[in-house]
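J.: Please work out how this folds:
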Amino acid sequence: MSGVRGAWSMMVALLVGLAVVCGVGTGVSEPPGPLQWTIFDGGSEESGTDIIEVEGGGYAVAGTSRNETSRAMLLLRADENGSVLWDRTYTLSGMDAAHVVRETEDGGYVLAGEQDGRLALIGTGAEGEVRWTGPEGANVSDLGPARDLLVTGDGDCLLAGSTRTPGGGKTAALVRTNESGHLEWVQTYEDLNESEATALAMTDNEGYAVAGLSSGAEEVFLMMAGANGTRTWTRTFQALEVWPIFSDIQGLMTSPDLTLRAGGGYAVAGGLTFPERPVSAALLLLTDENGNLERNWTYQKDGDFWAESMAKVDDTGFVLACYHDPLANPTNLVVLFGTGENGTSQWEVDATPGFLNSFENDPYSIITTRDGNYAVTGKTRTIDPETGLESQDLFILLTAREWRA
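T.: Numbering: from 1, shown residues only. The predicted structure is shown next:
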């Protein structure tokens, strides 16, 4: 490993009250309470791509720290109020990024992402100190970036991603390593043309539900795999069938997220765009336990609008963290969008703090916390009104909390 550093960095915590919100609601039928933003500036361009709630309280965030010539994996630890406790960056190749983080049973972390476009793993201790890097094994250089990660009960890592095909394309893949990053097996799904797995969920029968993009992003796939990655079934949902407003131009899907439905079956969220038209929508697909489509929802706003991440809210529905770029507004917005268990829209909240002077905001990951609130991470780009300098920083957004300095 060529360079691992840890540093305390400047943090600004901001409390945002919303006039449209009255009280704290734990059910999806009510919008969230006050929004608290923490902005982390580590001196480079930072973005948060995944957030988890840790066993000891507070949060861990995975992301990327970028300068003009290189990128590094980023791991950040925050307390229950979003205050940054420590941050670490990890350099493997010079062009690295962390896409997902999971906590291990001993209180450490596994970071999964990429180095030079290939799969990368780092196992750390509780304070972010490096224990191992991976993956190790034959043909690991063919494996593409990790998009999602599950840590099994015995400490193994199951990863969603892709692998290179002999013809130079890529196909969706599941990868399993042991607790030290040594490769155990790779399952590939060559019939899913130009595909990538982007989301995982563990089922009750010790199998895995997998979602991703195929056919060059013209369709979303949902797949069930056994404990060893052997596929049971696959369902595909084409853009032009999901939202048939055009029949003669190409429709593309955004990378889908996945969760289990409370009553059985699966929920897949993402977005759908038509590159030749200024039209897009957030997407929610609800299926039964065999992947058969039961409900298909699209939610549209002016300009670009799609879901980046999704979380289940008890048995009452889902919350989507959405990207919104309005046609008449230069600021990209962070929108939290709540639905019922059958996908009906319940509420939406513009969670973008206007007084930050931000013009680009993107939420990459949302979770439901143990107390029924929400935590979000992503990136925000701001302009200093005095100097005119731009800054891209990682944000942590927490709902319905009282700020304690």
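J.: Now do A400 against T69, distance only.
T.: 41 Å (CB to CB, to the nearest Å). Using the backbone N, CA and C atoms, a C-beta is placed for each residue, glycine as well.
J.: Likewise for D79?
T.: Here D79 is placed at a distance of 33 Å from T69 (CB to CB).
J.: Between these two, which has more neighbouring residues?
T.: Each of D79 and T69 has its neighbours counted (other CB atoms under 10 Å); D79 has more, 14 against 7.
J.: State the phi and psi torsions of the more buried one.
T.: Main-chain torsions, D79, degrees, to the nearest 10: phi -80, psi -170.
J.: residue contacts, it?
T.: By CB atoms under 8 Å, 6 or more residues apart in numbering, the contact set of D79 is 57-59, 85.
J.: What separation is there between it and T380?
T.: D79 sits 20 Å away from T380, going by CB to CB.
J.: host element of the residue lying closest to P330 once chain neighbours are set aside?
T.: Of all residues beyond its chain neighbours, the one nearest P330 is F359 (5.7 Å), with distances taken as CB to CB, 6 or more residues apart in numbering. In this assignment (DSSP states H and E), F359 forms part of strand 358-368.
J.: Let's see that strand as CSV, backbone CA atoms only.
T.: Extracted in CSV, the C-alpha atoms of strand 358-368 (Å, rounded to 0.1, in the frame of the first residue of the first chain):
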residue,chain,number,x,y,z
SER,A,358,-24.4,26.0,-3.1
PHE,A,359,-25.0,25.3,-6.8
GLU,A,360,-24.4,21.6,-7.1
ASN,A,361,-25.8,19.0,-4.6
ASP,A,362,-26.1,15.3,-5.0
PRO,A,363,-27.3,12.7,-2.4
TYR,A,364,-25.6,9.3,-3.0
SER,A,365,-26.8,7.3,0.0
ILE,A,366,-29.7,7.3,2.5
ILE,A,367,-30.5,5.0,5.4
THR,A,368,-33.2,4.8,8.0
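J.: so T203 touches A225, yeah?
T.: No: judged on CB atoms under 8 Å, T203 makes no contact with A225 at a distance of 9.4 Å.
J.: Please enumerate the shared neighbours of the two.
T.: Joint contacts of T203 and A225 (CB under 8 Å, 6+ apart) are A209.
J.: Just want to know which of these two has more residues nearby.
T.: Higher neighbour count among T203 and A225: A225, with 22 against 15, using other CB under 10 Å.
J.: What backbone torsions are found at that one?
T.: In terms of degrees, to the nearest 10, the main-chain angles of A225 are phi -130, psi 150.
J.: Beta-bridge partners for it, please?
T.: Beta-bridge partners for A225, by DSSP bridges, are Y208, R231.
J.: which residues does the residue sitting nearest the centre point of the chain contact?
T.: Nearest to the mean C-alpha position of the chain, counting by CA atoms, centre = their mean, stands S365 at 4.0 Å. Counting by CB under 8 Å, 6+ apart, S365 makes contact with 48-51, 308-309, 321, 376-378.
J.: rerun that using 6 Å as the cut-off
T.: Contact analysis of S365 by CB atoms under 6 Å, 6 or more residues apart in numbering lists 50-51, 309, 377.
J.: what's the spacing between it and A60?
T.: Taken as CB to CB, the span from S365 to A60 is 11 Å.
J.: just to revisit the earlier point, quick one: mean pLDDT over the strand holding F359.
T.: Per-residue pLDDT over strand 358-368 has a mean of 93.
J.: Figure out how far that strand is from the centre of its chain.
T.: 10 Å (CA atoms, centre = their mean, to the nearest Å).
J.: ok, which stretches of the stretch 201-350 of the chain are strands?
T.: 208-214, 219-225, 231-238, 252-253, 257-260, 266-274, 279-287, 293-299, 304-313, 317-325, 333-340, 345-350 (DSSP state E, counting those that start in this stretch).
J.: I'd like to know the average pLDDT value across the second one.
T.: Going back to what we said before, that points to strand 219-225. Averaged over strand 219-225, pLDDT sits at 97.
J.: Same check on the fourth one?
T.: The average pLDDT for strand 252-253 rounds to 96.
J.: From the rest of the structure, what touches that strand?
T.: Contacts of strand 252-253 (CB under 6 Å, 6+ apart): 213, 217, 220, 239, 270, 272-273.
J.: Tell me which strands it pairs with, and in which orientation.
T.: Assessed with DSSP bridges, strand 252-253 is paired to strand 266-274 (antiparallel).
J.: relative to strand 317-325, how tilted is the partner strand?
T.: 20 degrees (axes from the mean of the first three to the mean of the last three CA atoms, to 10 degrees).
J.: Am I right that S141 sits in a strand?
T.: No: assigned with DSSP: H, G, I helix; E, B strand; the rest coil, S141 falls outside any strand and is helix.
J.: so how far is R164 from it?
T.: Taking CB to CB, one finds S141 at 9 Å from R164.
J.: try T234
T.: Counting by CB to CB, the gap between T234 and R164 amounts to 21 Å.
J.: go on, A72?
T.: According to CB to CB, A72 and R164 sit 24 Å apart.
J.: ok, those two, which is more surrounded?
T.: Comparing A72 with R164 by neighbour count (other CB under 10 Å), the higher total belongs to A72, at 26 against 18.
J.: Check the burial of the spatially closest residue to that one that is not a sequence neighbour by counting its neighbours.
T.: Once flanking residues are discounted, A72 sits nearest to T89: 4.2 Å by CB to CB, 6+ apart. Neighbour count of T89, defined by other CB under 10 Å: 24.
J.: what's the answer for S180, then?
T.: Neighbours of S180 under the rule other CB under 10 Å: 16.
J.: From start to finish, how long is stretch 281-300 in a straight line?
T.: Length of stretch 281-300, first residue to last, CA to CA, to the nearest Å: 5 Å.
J.: how far out from the middle of the chain is it?
T.: 19 Å.
J.: just checking, A262 touches D314?
T.: No: counting by CB atoms under 6 Å, A262 does not reach D314; the two are 7.4 Å apart.
J.: Neighbour count: the two, which is higher?
T.: The neighbour count for A262 versus D314, taken as other CB under 10 Å, is higher for A262 (15 against 12).
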